[in-house]
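*Asks:* Sequence below, structure please.
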Amino acid sequence: MTRPVYSFRPNLKNPEHKKAWEKFQSVPEGQKNQYLVQAILEKEDRKWMEEVIQKTIKESVRELNICGGAEQIGTDPPAGDIPDQMMDFLSQMENM
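*Replies:* From the prediction side, this is the model:
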């Protein structure tokens, strides 16, 4: 059985592609496959963790009844809505 092959052709005019290429070039030869595997898996782990955090925040907001002054008007917070400030905070955490 032959191993699958993928060709990465970054567009160096795109700043993100250029930055990714420069980082990839700094990986020692013989470790590039492992680097890509680890990067892909870490991306999936971050996505899963973000979903868990979002769910936890939604549940906490619902339980505390603090979303949008809901306790004052006697309605439940909208399901699925996360305040923008919380999302900004989570986004900043991801970039650390």
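*Asks:* any chance you could map the helices in this protein?
*Replies:* Ranges of helices in the chain, per DSSP state H, are 15-25, 32-64, 70-73, 84-94.
*Asks:* among the ones you listed, which is nearest P4?
*Replies:* helix 32-64 (11.4 Å; CB to CB). For the C-beta atoms, the positions are set from N, CA and C on the backbone; glycine is no exception.
*Asks:* And that closest one, what does it pack against?
*Replies:* In terms of contacts (3 or more CB pairs under 8 Å, 6 or more residues apart in numbering; DSSP states H and E), helix 32-64 is packed against helix 84-94.
*Asks:* hmm, who's touching the helix it packs on?
*Replies:* R46, E50, I53, Q54, I57 (CB atoms under 8 Å, 6 or more residues apart in numbering).
*Asks:* Just the buried ones among the residues you listed, please.
*Replies:* I53, I57 (16 or more other CB atoms under 10 Å).
*Asks:* so can I have JSON lines of the contacts of helix 84-94 showing distance to E16 and pLDDT?
*Replies:* Converted to JSON lines, the contacts of helix 84-94 look like this (distance: CB to CB, whole Å; pLDDT from 0 to 100):
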{"residue": "R46", "distance to E16": "17", "pLDDT": "86"}
{"residue": "E50", "distance to E16": "20", "pLDDT": "88"}
{"residue": "I53", "distance to E16": "25", "pLDDT": "90"}
{"residue": "Q54", "distance to E16": "25", "pLDDT": "88"}
{"residue": "I57", "distance to E16": "28", "pLDDT": "87"}
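*Asks:* low pLDDT regions in this structure?
*Replies:* Scanning the chain for pLDDT under 70 picks out 66-81, 95-96.
*Asks:* mind checking the end-to-end distance for stretch 3-22?
*Replies:* This stretch, stretch 3-22, spans 26 Å end to end (CA to CA, to the nearest Å).
*Asks:* buried sites along it?
*Replies:* W21.
*Asks:* Quick one: distance of that stretch to the chain centre.
*Replies:* 20 Å (CA atoms, centre = their mean, to the nearest Å).
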